[in-house]
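Visitor: Dropping a prediction and its sequence here:
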Protein chains: 2
Amino acid sequence: IAQNDAALVLANLEDLYPADITTVLYELNAQQSKYVLDLLEPEVGSEILSSLDAEIRNNFLKNFTSEEIARYVNLMESDDAVDVLNEQKVQVREEVISLLDNEEKAADIIDLLHYEEDSAGGLMAKELIKVNINWRVGQCIDEIRRQAETVEQVYGVYVVDDKDKLLGRLGLKTLILASDHTPIDQLFDPDVIRIESYKKDTDVVEIMQKYNLDSIPVVDAQNKLLGRITIDDVLDVIQEQAETTRQLMTGITENIEEDDSILRLSRARLPWLLIAMIGGLMGARLIKVFEAEISLIPAMAMFTPLITATGGNVGIQSSSLIIQTLAHNSLIQDNFSRRLLKVLLVALINACVISGLVLSFNVILEEDLRLAVVVSVALFSVVVLSSIMGTVTPMLLDKMGINPAVAAGPFITTANDLLGLAVYFLVAHLLLLDFFQK
Amino acid sequence: IAQNDAALVLANLEDLYPADITTVLYELNAQQSKYVLDLLEPEVGSEILSSLDAEIRNNFLKNFTSEEIARYVNLMESDDAVDVLNEQKVQVREEVISLLDNEEKAADIIDLLHYEEDSAGGLMAKELIKVNINWRVGQCIDEIRRQAETVEQVYGVYVVDDKDKLLGRLGLKTLILASDHTPIDQLFDPDVIRIESYKKDTDVVEIMQKYNLDSIPVVDAQNKLLGRITIDDVLDVIQEQAETTRQLMTGITENIEEDDSILRLSRARLPWLLIAMIGGLMGARLIKVFEAEISLIPAMAMFTPLITATGGNVGIQSSSLIIQTLAHNSLIQDNFSRRLLKVLLVALINACVISGLVLSFNVILEEDLRLAVVVSVALFSVVVLSSIMGTVTPMLLDKMGINPAVAAGPFITTANDLLGLAVYFLVAHLLLLDFFQK
């Protein structure tokens, strides 16, 4: 489509929302995207750039000169501008900043670049509407009018004193319903929840969710109003969190995306694979210890995959469940023994079903009866033990201040493999001795 | 603390936000919580009840009479009220509705109960501010004043015609800046994104995220305005989604919480365990086919856990990564073969490292050299094959319209166990034949 017919492209895109144009751009390559973007209004272009995924945007901006980037950054909200600049090389970043014609924005951006990306300061935007406690409603509305251009989404107005200290908040609803002459200090709500700029982004998420906020003011240690964080920024953090947990649970150590380099992808995946490898080698040693049992019933080897797989699966299920509970209400000092009893009961039910079924199968398939009994007894023990381990390990890690999700993936699986093997051969050892004594 | 000293309890709780009182209640049992709640203002109480987790709330409301529940439901927003009522038995639900003194709210609730819980209709609240296209700003502000009590959070005003058809939206900012006499039809934005009530809740999430909306109007098939969904409702859906994906990936079939009954917990976990069991039994059969190779080198059995565990881990890592990519941009028809090539390269690097390390270990530990070679060749093949399978399976499922997350957990592990065993013994079969021919 983008074969240089500018008029046609424009006609097609004109009626679309920026977000829809973004979807179209995802299907084009970097050159084609630049061509389309150059045709659009700079306002639309900057909105599209803000909404692109970091990797795609980065790839894309490589074809832009610093002047071109500056033109778009000029029109972005300060938090989006900082996100874009943070992805650029230092040189490009400095160049772009020096090229911004909006001096206030340039100062805001330089200020915001100082905060850690994963702190409240790193999430906040400088654009907000603040009014002095001594003003009246009329002045307040004038201020909103003055700022209407820069502040895209107004959720409320922050009330400050002469020293810019945050005193409270004034909802738009209240403002609409008040008369122009009412003094602000009779209307505003002093009970506003705020967050310090150095707090972690996950704290921001927690607070905004807990108190159901659509925006939150950010202050410094002296309660001076610095910026505000809106709910859409928090949505991104929530999704990143979910992804990190999922990656931890599946044995990926760094936060990676499929577009990352091959070396980086390999490096992120190797650590757990190596741990699992060591586990596997230890398993091999373990089996060697029980060579006598295997030579007695060679068919024993047949069932090791069944035993280890079952242990692994039960362990992951258990840890996944307890991690979910820990994430929800980490504060509750719930009855530890009652919880363990419940886990145990669930495990017993599942253990009975599985070992019963396997026993029947083995009898039907006319396997060695001794072996059938050994396998089922081992399975039963493995299900129960893995449930307990899968539940207790994350709880212990959580107590130690380690993210329990690391325990849900390869760690639990590897440990349960070893546990399963040990139980299997121990059961075999004990039962077979017994059989032979008869 | 709650030992009947009402005044003391009240004094302690008075200054807290409802969300903080909720945290306190989580630490008390149902009776104590009821005691505290009875002391508080009904407005605060209803807010607390709305914010409780479904299971805890349910447990808690068992101690309440229908009259008491009705008193709180009366003060809730319609969507929260419906959530609470949906958790009650039909009889309690009907009783509570008949006891509501606010008839409009009762009608709204009955209406909302008709929608599926996971549809846009099930998420929406009836409370919204709508104005007629023929009004002026002044009338609009009067309407906001009239509704100010019922509508807690005002993001904007919806503009409708005489037949209640949605025509557009008017932001509060615009409203504040306009004079009282301006007609609405000169101010409003006709370009408002809406959603039909029958759409899935996941569609709501997608649209609100894509267009960065803080609220979205819900319409019926004739574009009649039915209600609105706010961003905080969507946050809940997002978190539920993340949890469901995580549960699917760890082999839990129903959406369960740790507080559910023992039977329900067992039932949710059994299906995948059974599938894994069948996989394990098939593995046993498979090994039996290669009994000749095992009797030739009995030590072969030692390394089956290493092979199956590595295959399982690599498979889960690969599927986790591709599922993440699919979730982000499900629309992109990215270059399939280029992606596969990359997966292959990453797999080759990891395969070299792991099989090389295992070979060195086995040489150092003076294992049978034939066995050491077989194990490393098999490991290499397993890593590569599992990577491909872990990547392709979710992509295929996604194409078929099945949630690819189901493939990430026990399914991939089980399949890879079998694949790993087959590869291991096949390699052994081929290489050992070769060795013996020399």
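Guide: That came through, no problem. Nothing here was measured: the structure is a model prediction, and the numbers come from that model.

Visitor: use CA for all of it now, contacts and neighbours both
Guide: Fine.

Visitor: start to end distance for stretch A:208-222?
Guide: 21 Å (CA to CA, to the nearest Å).

Visitor: tell me which element residue A:149 falls in.
Guide: Under the criterion DSSP states H and E, no helix or strand holds residue A:149.

Visitor: Look up how far chain B lies from it.
Guide: Noted for residue A:149: a distance of 11 Å to chain B, by CA to the nearest CA, to the nearest Å.

Visitor: what's the answer for residue A:230, then?
Guide: As judged by CA to the nearest CA, residue A:230 and chain B stand 10 Å apart.

Visitor: burial of that residue, as a residue count?
Guide: For residue A:230, the neighbour count with other CA atoms under 10 Å in any protein chain shown is 20.

Visitor: does it really touch residue A:209, like I thought?
Guide: No: with contacts counted by CA atoms under 8 Å, residue A:230 stays clear of residue A:209, the gap being 11.9 Å.

Visitor: how about whichever strand or helix holds residue A:321, does it reach chain B?
Guide: Assigned by DSSP H and E, residue A:321 falls within helix A:304-328. Yes: judged by CA under 8 Å from any CA of the partner chain, helix A:304-328 comes into contact with chain B at A:304-310, A:313-314, A:316-317, A:320-322, A:324-325.

Visitor: quick check, nearest of those to residue A:149?
Guide: residue A:324 (43.3 Å; CA to CA).

Visitor: Pull the distance from stretch A:155-166 to the chain's centre.
Guide: Its chain's average C-alpha position is 32 Å from that of stretch A:155-166, according to CA atoms, centre = their mean, to the nearest Å.

Visitor: Buried ones in it, by neighbour count?
Guide: A:155-160, A:164-166 (16 or more other CA atoms under 10 Å in any protein chain shown).

Visitor: Just put those residues in TSV and tack on pLDDT, secondary structure and distance to residue A:119.
Guide: What follows is the buried residues of stretch A:155-166, written out as TSV (pLDDT from 0 to 100; DSSP: H, G, I helix; E, B strand; the rest coil; distance: CA to CA, whole Å):
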residue	pLDDT	secondary structure	distance to residue A:119
A:155	81	coil	22
A:156	82	strand	23
A:157	88	strand	23
A:158	92	strand	21
A:159	92	strand	24
A:160	93	strand	23
A:164	91	coil	22
A:165	94	strand	21
A:166	94	strand	20
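
Visitor: Any chance of TSV for these, columns distance to residue A:38?
Guide: Formatted as TSV, the buried residues of stretch A:155-166 follow (distance: CA to CA, whole Å):
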residue	distance to residue A:38
A:155	32
A:156	35
A:157	36
A:158	37
A:159	41
A:160	41
A:164	40
A:165	43
A:166	42
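
Visitor: And these, which is closest to residue A:425?
Guide: Residue A:425 lies nearest to residue A:155 out of the buried residues of stretch A:155-166, by CA to CA, at 65.2 Å.

Visitor: hang on, the earlier thing: from the contact counts, what lies against the helix holding residue A:321?
Guide: Under the contact criterion of 3 or more CA pairs under 8 Å, 6 or more residues apart in numbering or on different chains; DSSP states H and E, helix A:304-328 touches helix A:369-399, helix A:410-437, helix B:231-249, helix B:262-289, helix B:304-328, helix B:410-437.

Visitor: so what's the residue of the stretch 151-300 of chain A found nearest chain B up against?
Guide: Taking CA to the nearest CA, chain B has its nearest neighbour within the stretch 151-300 of chain A at residue A:280, 4.0 Å off. Counting by CA atoms under 8 Å, 6 or more residues apart in numbering or on different chains, residue A:280 makes contact with A:414, A:418, B:303, B:305-307, B:309.

Visitor: among the buried residues of stretch A:155-166, which are within reach of chain B?
Guide: residue A:155.

Visitor: Which of the residues in stretch A:10-28 are classified as buried?
Guide: A:13, A:18-19, A:21-23, A:25-26.

Visitor: could I get those as JSON lines with distance to chain B and secondary structure?
Guide: Compiled in JSON lines, those are given as follows (distance: CA to the nearest CA, whole Å; DSSP: H, G, I helix; E, B strand; the rest coil):
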{"residue": "A:13", "distance to chain B": "15", "secondary structure": "helix"}
{"residue": "A:18", "distance to chain B": "8", "secondary structure": "helix"}
{"residue": "A:19", "distance to chain B": "6", "secondary structure": "helix"}
{"residue": "A:21", "distance to chain B": "11", "secondary structure": "helix"}
{"residue": "A:22", "distance to chain B": "10", "secondary structure": "helix"}
{"residue": "A:23", "distance to chain B": "8", "secondary structure": "helix"}
{"residue": "A:25", "distance to chain B": "10", "secondary structure": "helix"}
{"residue": "A:26", "distance to chain B": "7", "secondary structure": "helix"}
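
Visitor: Which two among those are spaced furthest apart?
Guide: Using CA to CA, those reach their maximum pairwise distance at A:13 and A:26, which is 14.2 Å.

Visitor: How about the contacts made by residue A:98?
Guide: Contacts for residue A:98 (CA under 8 Å, 6+ apart) come out as residue A:106.

Visitor: Secondary structure element for it, which one?
Guide: Per DSSP H and E: residue A:98 is located in helix A:90-99.

Visitor: need the next SSE after that helix, C-terminal direction.
Guide: helix A:103-112.

Visitor: Contacts for that next one, please.
Guide: Taking CA under 8 Å, 6+ apart as the rule, helix A:103-112 contacts A:74, A:78-79, A:81-82, A:97-98, A:100, A:121-122, A:126.

Visitor: Tell me the most packed of these, by neighbour count.
Guide: residue A:121 (30 neighbours).

Visitor: Pull up the gap between it and residue A:226, please.
Guide: Separation of residue A:121 from residue A:226 (CA to CA): 8 Å.

Visitor: where do the contact lists of the two overlap?
Guide: A:197, A:218.

Visitor: ok, and for the helix holding residue A:98, which residues are buried?
Guide: Applying a neighbour-count criterion of 16+ other CA under 10 Å, one finds A:92-93, A:96-97, A:99 buried in helix A:90-99.
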